[in-house]
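Participant: one predicted model, sequence on top.
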Amino acid sequence: AAGVIQSPRHLIKEKRETATLKCYPIPRHDTVYWYQQGPGQDPQFLISFYEKMQSDKGSIPDRFSAQQFSDYHSELNMSSLELGDSALYFCASSLGAGDPEAFFGQGTRLTVV
Amino acid sequence: LAKTTQPISMDSYEGQEVNITCSHNNIATNDYITWYQQFPSQGPRFIIQGYKTKVTNEVASLFIPADRKSSTLSLPRVSLSDTAVYYCLVGEAAGNKLTFGGGTRVLVKP
């Protein structure tokens, strides 16, 4: 069965650089979530989209932005990267607004050096 | 958003039943209770969801008392591969925000 696809799987960037993470949800899923998980920490909700519109916002820094495109894939854009941005970034998708059964991708490991 | 409280960690042995209780005293009428499992460096995986009473699937059971202020995830006959962090989430019927609080680190020993 198709799963949530995230790319790239690994990314190394220098401080102050920009990074773009991509997420391809499960076909027909209309909701996408982004999470950040630092080492030894719980996943922190960043932002979510429903039907290409931002639906909820969590602890996403102003340096980060995201959007969901017409084909439902989503991109998380991160600028002015800091060492503390090093983390696993997960994307998840679900079917329908408020559906608590979300399917997570394998994540993108971002390392800022 | 209802806050959840779970044990930080639990140890068990292969073949035993593991029960993890989550407290959510201020759960709202429209909230569902959902449990996720996470292995290191992997995305969380949905286990089970319920609203009240008991729900069972091929992986686990979820017990929710009438007042819904707590819930218990039951993992029958655990194996070493069940070693993971388990998260209890209480979600609103509307909205798109799954909030992960402190999970329970379950260690299954041989």
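Facilitator: Noted; the coordinates are in hand. Residues are numbered from 1 along each chain as shown, chains lettered A, B, ... in the order given.

Participant: closest residue of chain B to chain A?
Facilitator: Going by CB to the nearest CB, chain A is nearest to residue B:43 of chain B, at 2.8 Å. Glycine gets a C-beta too; all of them are placed from N, C-alpha and C.

Participant: in the sheet, who's paired with the closest residue in space to that residue that isn't next to it in sequence?
Facilitator: Leaving aside its chain neighbours, residue B:43 sits nearest to residue A:104 (2.8 Å; criterion: CB to CB, 6 or more residues apart in numbering or on different chains). Using DSSP bridges, the beta-bridge partners of residue A:104 come out as residue A:92.

Participant: wouldn't residue A:108 be in contact with residue A:88 here?
Facilitator: Yes: using CB atoms under 8 Å, residue A:108 makes contact with residue A:88 at a distance of 7.2 Å.

Participant: for chain A, which residue gets nearest to chain B?
Facilitator: Closest point on chain A to chain B, by CB to the nearest CB, is residue A:104, at 2.8 Å.

Participant: what is the burial count for that residue?
Facilitator: If you count neighbours by other CB atoms under 10 Å in any protein chain shown, residue A:104 ends up with 23.

Participant: before we move on, what about the one 3 residues further on?
Facilitator: Counted by other CB under 10 Å, the residues lying close to residue A:107 total 22.

Participant: over to the one 4 residues further on?
Facilitator: Number of residues near residue A:111 (other CB under 10 Å) recorded here: 13.

Participant: who touches it in this structure?
Facilitator: A:10-13, A:86 (CB atoms under 8 Å, 6 or more residues apart in numbering or on different chains).

Participant: helices - which of the residues you listed land there?
Facilitator: Counting by DSSP state H, the contacts of residue A:111 place none of their members in helices.

Participant: buried among those residues? Make that a PyMOL selection.
Facilitator: Buried residues among those (16 or more other CB atoms under 10 Å in any protein chain shown), as a PyMOL selection:
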select buried, chain A and resi 11+13+86
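
Participant: on that earlier part again, so the residue of chain B closest to chain A touches residue A:109, yeah?
Facilitator: No: Residue B:43 lies out of contact with residue A:109 (CB under 8 Å); the separation is 11.9 Å.

Participant: which residues touch the residue nearest to residue B:43?
Facilitator: Residue A:104 touches A:4, A:35, A:90-92, B:42-45, counting by CB under 8 Å, 6+ apart.

Participant: which residues of chain B lie near chain A?
Facilitator: By CB under 8 Å from any CB of the partner chain, the residues of chain B that approach chain A are B:32, B:34, B:38, B:41-46, B:49, B:87, B:89, B:91-103.

Participant: follow-up on the earlier one: which residues touch the residue of chain B closest to chain A?
Facilitator: Contacts of residue B:43 (CB under 8 Å, 6+ apart): A:4, A:90, A:92, A:104-107.

Participant: what pairs with residue A:54 across the strands?
Facilitator: residue A:49.

Participant: how many residues are close by residue B:106?
Facilitator: Counted with other CB under 10 Å, residue B:106 comes out at 21.

Participant: which residue packs closest to the residue positioned nearest the centre of chain A, ignoring adjacent ones?
Facilitator: Geometric centre of chain A, nearest residue: residue A:34, 3.3 Å, by CA atoms, centre = their mean. Leaving aside its chain neighbours, residue A:34 sits nearest to residue A:46 (4.3 Å; criterion: CB to CB, 6+ apart).
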